[in-house]
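Peer 1: After the sequence you'll find the predicted model.
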Amino acid sequence: MAPRVAAKLDVGQISEISKVISADTFERSIYAGNAVATVQSTDTTKVITVRTTGFDAAANGGAAAVVKLNRRC
């Protein structure tokens, strides 16, 4: 689904990130996990998928806002 969303938004997709370095820079594994690449996106909207095993479990709740979109992809 993420590649289709990225295509509709005309942006690139960054797959399976394992670390967020900054707002536009991420780490992801390549070569079947044998190497780590640092990737940077200049797109204003980021479409990413996250490798959940690379992050600690969330504590109680969070501060993220839930926004309803009326646009269909």
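Peer 2: Right, received. Where do you want to start? Residues are numbered from 1 along each chain as shown.
Peer 1: Please enumerate the helices of the chain.
Peer 2: Secondary structure of the chain (DSSP state H): helices located at 2-9.
Peer 1: centroid residue for it?
Peer 2: Centroid check for the chain by CA atoms, centre = their mean gives residue 48 as the closest residue, at 2.3 Å.
Peer 1: my guess is that residue contacts residue 11, does it?
Peer 2: No: applying CB atoms under 8 Å, one finds residue 48 not in contact with residue 11, separated by 10.4 Å. From N, CA and C alone the C-beta is placed, and that goes for glycine too.
Peer 1: For residue 40, give the beta-bridge partners.
Peer 2: residue 25 (DSSP bridges).
Peer 1: circling back: what sits closest to the residue nearest to the centre of the chain if chain neighbours are left out?
Peer 2: Counting by CB to CB, 6 or more residues apart in numbering, residue 48 lies nearest to residue 14, which is 4.5 Å off, once chain neighbours are set aside.
Peer 1: contacting residues for the one you found?
Peer 2: Counting by CB atoms under 8 Å, 6 or more residues apart in numbering, residue 14 touches 26, 28, 39, 41, 46, 47, 48, 49.
Peer 1: Most neighbours among those, which one is it?
Peer 2: residue 26 (22 neighbours; other CB atoms under 10 Å).
Peer 1: thought that one was touching residue 13?
Peer 2: No: using CB under 8 Å as the test, residue 26 is too far from residue 13 to be in contact (11.5 Å).
Peer 1: what do these two both touch?
Peer 2: Common neighbours of residue 26 and residue 13, counting by CB under 8 Å, 6+ apart, are residue 48.
Peer 1: For residue 67, report the pLDDT, please.
Peer 2: On pLDDT, residue 67 comes in at 82.
Peer 1: Can you report how many residues lie near it?
Peer 2: A total of 5 residues lie near residue 67 under the criterion other CB under 10 Å.
Peer 1: do the same with residue 24
Peer 2: Applying other CB under 10 Å, we find 14 residues neighbouring residue 24.
Peer 1: in the chain, what spans have low per-residue confidence?
Peer 2: Counting by pLDDT under 70, the chain contains low-confidence ranges at 54, 58, 61-62, 72-73.
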